[in-house]
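1. please work out how this folds:
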Amino acid sequence: NMKPVSAKKVYDIVNGCLKYAKKSKLIYELPTDIEKQKLEKPKIEFWNKEEIDFFLNEIKEHYLYTPIFLDVLTGLRIGELCGLRWCDVDLENGFIEVNSQVIQDRISKQLILSSILKTSTSHRTISIPKILIDHLKTLREDNNANKNDFVILNREGLMCNPRNLSMKFQNIKNQLRI
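-> Predicted coordinates:
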């Protein structure tokens with residue numbers, strides 16, 4: 001079963017090919033020239049402050065606390081969160097530069113740090129509040145991190161897989177029934 005957004009992408013590709021075929025006089029009519037349904041954007045669900053505070057309090061001792069706390073305060077995409085390195089974090093001036101993301105190569109299944117982000121505006125600078133600055137300073141000191149180390153690590157202290165991080169979050173969220 002395909003999501004409406006995916007179906008539209010497929011339609012657009014096929015339609016482009018058929019328009020080229022018509023322009024090249026390979027066909028005379030566009031079979032995709034049909035009445036289309038309006039695409040309804042899915043409603044975005046989000047937590048209120050009480051739900052966020054409850055969740056963070058419940059996972060305070062869990063290794064997911066830092067990535068979720070960081071994400072709540074920055075809105076980073078999961079791949080960007082996993083790709084964040086200490087050289088991207090300016091704790092003196094209170095901002096994060098989004099320069100890269102972690103992706104999984106489809107063929108080799110290896111994790112790759114990529115400077116190619118989702119859109120051209122994805123390279124950005126995000127201001128961070130003092131509470132996050134203090135948390136990150138403590139984290140950096142506790143991990144004795146150097147500038148090229150990742151901020152978010154997996155349990156073995158290595159580059160974190162975005163998919164695994166997302167699944168762990170879903171598991172805990174479901175356990176807490178939020």
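
2. and the next helix or strand past the lengthiest helix in the chain?
-> Across the chain, the longest stretch assigned as helix under DSSP state H is helix 4-23. For helix 4-23, the succeeding helix or strand toward the C-terminus, using DSSP states H and E, is helix 49-58.

3. in the protein, what spans have low per-residue confidence?
-> The model of the chain has no residue with pLDDT under 70.

4. one more time with 80
-> Regions of the chain meeting the criterion pLDDT under 80 cover residues 1-2, 4, 34-42, 177-178.

5. so how far is residue 28 from the spatially most central residue of it?
-> Note on the chain: the residue nearest the mean C-alpha position is residue 77, at 2.2 Å, using Cα atoms, centre = their mean. Separation of residue 77 from residue 28 (Cβ to Cβ, to the nearest Å): 45 Å. Heads up, the C-betas are built off the backbone N, CA and C, glycines and all.

6. kindly report the same for residue 4.
-> As defined by Cβ to Cβ, residue 4 lies at a distance of 30 Å from residue 28.

7. who has more neighbours, these two?
-> Shown here are residue 4 and residue 28; by other Cβ atoms under 10 Å, residue 4 has more neighbours (13 against 7).

8. surely that one meets residue 39?
-> Yes - using Cβ atoms under 8 Å, residue 4 is in contact with residue 39, at 5.5 Å.

9. shared neighbours of these two, anything?
-> Common neighbours of residue 4 and residue 39, using Cβ atoms under 8 Å, 6 or more residues apart in numbering, do not exist here.

10. which ones are touching residue 54?
-> Residue 54 neighbours (Cβ under 8 Å, 6+ apart): 176, 178.

11. correction: residue 153
-> By Cβ under 8 Å, 6+ apart, the neighbours of residue 153 are 143, 159, 160.

12. I would like a PyMOL command selecting only the buried ones among those, please.
-> Buried residues among the contacts of residue 153 (16 or more other Cβ atoms under 10 Å), as a PyMOL selection:
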select buried, resi 159+160
